[in-house]
Each structure stands twice: as C-alpha cells, then as structure tokens.
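1. Have a look at this fold, sequence not included:
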C-alpha cells in the first residue's frame, strides 16, 4: 500500500523548491500532530521539579523514577500494575468472545448468505449508531441487581457486545474474498461447518482475523464511558487509574505523563505494527 | 445442508420448496449466537430505558411510589434549557470536528501521497493521536499542553504576543473542538490515503498527458473517486464523535457553566450525580429517537457506502 514510490509525471515536472517546500510542510504538520504524544512520553522521564516549569525543558537528565513508581505504586497509592492486569484480562477475553461469535455469523452472511442477510447486517451496524448513554442507566441497575457491578465479567460482556458488530462486518468482508470453490471442495469432502471453519476457512482469513482482533483490542483497551460508570476497584481498567488525576494535589505532571505513556503503549505498538490492517478494520471492511 | 453444499451458490438461494424450511434454519444457525447476544446486551437495555422514562424514579428516594406511567419526565426534559444547550453543543461538537478533521485529513493525505522523505515514518507518527487512549490524551492536553502556567502552548505562543491565555477556562469550546479534531484527523488521513492509493494511476497519467492541470485532475477525477471514502469517514467519525464523553469529563467537566456540556455528559450528570433515573432515561429516549432520525436521513444522502459495490461479493 505504501510501496508505490515511482515519481508521477506531475511530480517530475514540479520544481525542486516546490517539492522541498511541500516535504517540509508535511513534516511540520505531522510533527505538530505527534507532539502531544512525544511530550507525554518525554515528560515521563523527568523529575517532578523538571516537569513543572513555565519554560518547558527539552534538555534534562532523564530518570526512570516516575515510570518505576507508576509501575510499582508509591506509598499510599496503588500502582498501575493491578489496573493493567484487569485491562489485559478484560480485553483478551472479550476479544475471544467476539471472534467466537462473529466468525460463524460472518460465515452465515458471506459464504452461503441467508435470505435477508442485508437486513441482518444493517441490524448489526445500527446497534453502533445508538448512543451508549441510552443504555447506561438500565445496564447500571441490572448490574447492581445481579451483583456484578464493578466486576471484570461485566466489562467483558459489554465490550464483547460493543465490538461484535464491527467484527461481523469485517470478517464478512474478508470471507467474501475466500474463493467459493475452496469451500465447496471442503463441503464435497463432507466436512461439517466447525471443521470447515477450522481447517479451510480460518487459515485463509488469518489476516482478517488478526485485524478484527486488533481492533477489538484497541477499542476495549481505550474504552472509558462504561468503565467509569460501572467499575471502581475490582473491575477497574487503566483509564480509571488515570481518572485519579482529575483533581490532583502537589506536583504530578511527570507522574501523570509516565502513567499515560504506559497506558497508551500497548495500543500504540499494536497499531503501529499493523497499520495496513487498521484502515480496513476501522472502515468495517469497506476500504480494501 | 448436504443437499445445498454441492449446489452452486446462486442456486442455494432458492432451494426446492420442500427442503427450504429446514435448510434455511440450518443456514441461520451460525448466526443465532451473535444475534441473540447482541439483542440481549444492547437492545433490552433500550427497552428498559423506555420503561424507566415513564416513571418517577430517583435513586435518592427509593421508597417513593414510582407513579407509572407518567409523562412528567418528558415534560421536564422539553422545558429544560440545559437540555437544549446540551443538544446544540452536541451538534456543534460533532459537526465542527468532523468537518475540520475531514478537510485536514484530506490535505494531509494528499501531502503524504506524494513522494516525501520518510513517508513510512510520517504515516506511523500521524496515526498516533488516534491510537492513544483518549483519557490519557485528554489529561496530557489539560495539564501539559493547555495549562495557563505550565502548558507548552502558551510557551510557544509567547513570541506571538499571547500571554498566559486561559484556554480551558475561557476558550473551552475551542479546546474541546480542537482536541476532538486532533484525535480524529489521523483516522480521516488513513481512510482518505487508502482512497488516494486505490486510484488508477494510468487514468491520472492519461489526463496529465492530455494537458489537464493538477486542480482539474483533482476536481474531475480524484474527488469523485474519493467520494465513497469521504462519506465513510464522515459517517464513522460522526458515530463516534457524537458520543464524545472522555474529553469533556476530563478536560472541562462540561463547563464553564454548561458551555461544553453535551448530551452524553448531561445525561451522565442527571443519572449519576443527581440520581434522577426517570429524567435521565427520558433524555436518553429523546436522544436515541433523534439519533435514529438523523442517521436515517444521513444514510439516505450518503448511500454509496452501502451500495451493492461494497456490500455484495467481490
């Protein structure tokens, strides 16, 4: 996708200063957009006095102190570690649930489409259009009455439902590209659906599965609204740890920056590594 | 199932009448778990919201009779000036960031689609704002970028004659709009870049040989080609931005006064700070109905995403 680097005729024709100027402009804009992320990671390496200066310091002696204290916690405050554990359990399990439910559904919509498959697809996408605020009150009351408020189970359930429509859409678009003859061959061999999926379909759409899983991971990891309203401690995810900084005391910029960097790192790395899959995932399979 | 499996797909859509029923159900079977799960988790709460909205239900007064049914909540919602403000703010905080991020995204995508030194790295850097946890980014913006005393922005602007501007307190709406635009521009860049790179290079080259200038090529060839990608960006961007909550909750708390209170934040306040479940539910119902109306209208206008081209096989 990014490999097409041959000069087009127009580019060959345009003058060097113009090309250079546009190149510099591109770099400038991109760096402005990236600056907050860079600043966040950088400030995490400062001491509190170095972070809290009216004239921002770009040169300082870096220290791992804040990253360590974020990880292990400081006397009187819990570290990020516990929250990270919750986030990992919740994102991984909900991603597994999503894929397990979405794959057969996508199969029914793509390989041998049922009648009215279009309506079904619209139903799934329409659940993404309804504002989540419309559901939060009953969710809170049901969870309270079932005694699952502030549990990891609750968020696993809700994040699965939140991501299922995207996964169905995406997997369907990947399944559409599996040559029908391959599946028919497996069917002639008498393979039933679960075995067809396992031995024929899944290996073929592995990139699609990875993309869908990546997207579920990103959305669950970053989710805030449900987490903040439905959890406090036992089910609290990484964003909830950050909420503790809303009314801070004393100097906290370096600590906050270190915590925010650690919180973002898993998704940043995953997203950077799988950029090409991201587009397709985010467009629910519409952009190839 | 065994009968259908060997038949070509086209035929499978219309099997012999006698076998249709059982076979159709077998085909639907893989779909059922996902359908049931989605309906139970996402649709039943909406039904309950509707039910609560017709009750006097406040968690502060658990023993008060709930008086079902009553339209008192709806009356309160429609005569509530804050609700109107929140609705207008929601429109503003959706439309402006979506339009701004699409325009910026288009510009950046065009720049990135050229041959530029370090393009791979630039692409990696530009998508970062979209990947970072918005709760983390919101706090960094609040305390590290926009802070009156310690913020980097005021430091950068000092040579331009801006002295200790109170961005969050005074320019709160601009703050939220800028933050959302910053967050969503990378997403638009990704989608539009995918569109640009799927253009047929030969057609562009032919147009150039025929003497068409860059602007004419852009208007006549690129823009029509990008239409689907732009619509997709606008649709998905709107779906997510209209629900913006993290940034408002963490940066401005809806203030000063109600300047940055949008509907999600206001419903959150009424439900979880005032515990007025009935009134918050009525607001949710109004919001959901409004969303459905707007979404239906919008989907009719931007129909090319859901055309047969993208939905059908191939």
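-> Received, thanks. Predicted model, so just to flag it, every value in this text is computed and none were measured. Numbers count the residues shown, from 1 in each chain, chains lettered A, B, ... in the order given.

2. May I ask you to name the longest helix in the chain?
-> Went with chain A since none was named. Across chain A, the longest stretch assigned as helix under DSSP state H is helix A:80-110.

3. oops, chain B please
-> Chain B, longest helix under DSSP H: helix B:81-112.

4. What residues sit buried inside it?
-> For helix B:81-112, the neighbour count (16 or more other C-beta atoms under 10 Å in any protein chain shown) marks B:83, B:85-87, B:89-90, B:93-94, B:96-98, B:100-102, B:104-112 as buried. C-beta: built from backbone N, CA, C; applies to glycine.

5. from those residues, which are also near chain A?
-> Filtering the buried residues of helix B:81-112 for proximity to chain A by C-beta under 8 Å from any C-beta of the partner chain leaves B:107-108, B:111-112.

6. Can you say which helix or strand has residue A:227 in it?
-> helix A:225-230 (DSSP states H and E).

7. Which residues does that helix contact?
-> Contacts to helix A:225-230, defined as C-beta atoms under 8 Å, 6 or more residues apart in numbering or on different chains, come from residues A:132-133, A:136, A:139-140, A:143, A:149-150, A:154-155, A:158-159, A:162, A:235-237, A:239-240, A:243, B:243, B:245-246, B:249, B:264, B:268, B:272.

8. try stretch B:27-37
-> The contact list for stretch B:27-37, computed with C-beta under 8 Å, 6+ apart, reads A:101-102, A:104-105, A:107-109, A:112, A:114, A:120, A:123-124, A:160-161, A:164, A:168, A:193, B:1, B:4.

9. let's go with 6 Å and repeat that
-> Here stretch B:27-37 makes contact (C-beta atoms under 6 Å, 6 or more residues apart in numbering or on different chains) with A:101, A:104-105, A:107-108, A:112, A:114.

10. before we move on, what about stretch B:264-282?
-> A:133, A:137, B:49, B:52-53, B:55-60, B:73-74, B:76-77, B:86, B:243, B:245, B:248, B:254, B:283-284.

11. List the residues that contact residue 241.
-> Here I'm looking at chain A. A:80, A:83.

12. switch to chain B, that's the one I care about
-> Residue B:241 touches B:94, B:97-98, B:180, counting by C-beta under 6 Å, 6+ apart.

13. Out of those, which comes closest to chain A?
-> Of all the contacts of residue B:241, chain A sits closest to residue B:94, with 11.2 Å by C-beta to the nearest C-beta.

14. Which residue, other than its chain neighbours, is closest to the closest one?
-> residue B:242 (4.6 Å; C-beta to C-beta, 6 or more residues apart in numbering or on different chains).

15. Retrieve the pLDDT associated with the one you found.
-> pLDDT recorded at residue B:242 is 91.

16. Which residues of the stretch 201-314 of chain B lie near chain A?
-> Neighbours of chain A within the stretch 201-314 of chain B, by C-beta under 6 Å from any C-beta of the partner chain: B:208, B:232, B:239, B:243, B:245-246, B:264, B:267, B:271, B:277, B:280-281, B:284, B:287-288, B:291, B:295, B:310, B:313.

17. Which of those residues fall in strands?
-> Using DSSP state E, no member of those sits in strands.

18. Count the residues that sit near the residue nearest to residue B:94.
-> 23 (other C-beta atoms under 10 Å in any protein chain shown).

19. Settle this for me: it is touching residue B:93, isn't it.
-> No. Assessed by C-beta atoms under 6 Å, residue B:242 is found out of contact with residue B:93, at 8.2 Å.

20. what bits of chain B have low per-residue confidence?
-> B:1-24, B:302-314 (pLDDT under 70).

21. which residues does the residue most central in space within chain A contact?
-> Chain A has residue A:218 as the residue nearest its centroid, 0.9 Å off, counting by C-alpha atoms, centre = their mean. Counting by C-beta under 6 Å, 6+ apart, residue A:218 touches residue A:267.

22. and if we set it to 8 Å?
-> Per C-beta under 8 Å, 6+ apart, neighbours of residue A:218: A:267, A:270-271, B:131.

23. Among those residues, which pair sits farthest apart?
-> Across the contacts of residue A:218, no pair lies farther apart than A:270 and B:131, at 8.1 Å, counting by C-beta to C-beta.

24. Looking at these two now, which is surrounded by more residues?
-> Of the pair residue A:270 and residue B:131, residue B:131 is the one with more neighbours under other C-beta under 10 Å, namely 24 against 18.

25. Please report how far that one lies from residue B:197.
-> From residue B:131 over to residue B:197 the distance is 21 Å, taken as C-beta to C-beta, to the nearest Å.

26. Over to residue A:73?
-> Here the criterion is C-beta to C-beta. By it, residue A:73 lies 46 Å from residue B:197.

27. next one: residue B:145
-> Per C-beta to C-beta, residue B:145 is found 32 Å from residue B:197.

28. Which of the two has more residues huddled nearby?
-> Higher neighbour count among residue B:145 and residue B:197: residue B:145, with 23 against 16, using other C-beta under 10 Å.

29. list the contacts for that one?
-> Applying C-beta under 8 Å, 6+ apart, we find residue B:145 in contact with A:36, A:39, B:151-153.

30. repeat that with 6 Å
-> Taking C-beta under 6 Å, 6+ apart, we find residue B:145 in contact with A:36, B:151-153.

31. which one of the residues you listed has the most neighbours?
-> Busiest of these [other C-beta under 10 Å] is residue B:151, holding 23 neighbours.

32. any idea how far residue B:195 lies from residue B:120?
-> Between residue B:195 and residue B:120 the computed distance is 19 Å (C-beta to C-beta).

33. Looking at the two, which is more packed in?
-> Shown here are residue B:195 and residue B:120; by other C-beta under 10 Å, residue B:195 has more neighbours (23 against 10).

34. pretty sure that one is in contact with residue B:229, am I right?
-> Yes. Counting by C-beta under 6 Å, residue B:229 is a contact partner of residue B:195 at 3.4 Å.

35. mind checking how far residue A:220 is from residue A:153?
-> The gap separating residue A:220 from residue A:153 is 14 Å, by C-beta to C-beta.

36. got it, and residue B:226?
-> Here the criterion is C-beta to C-beta. By it, residue B:226 lies 44 Å from residue A:153.
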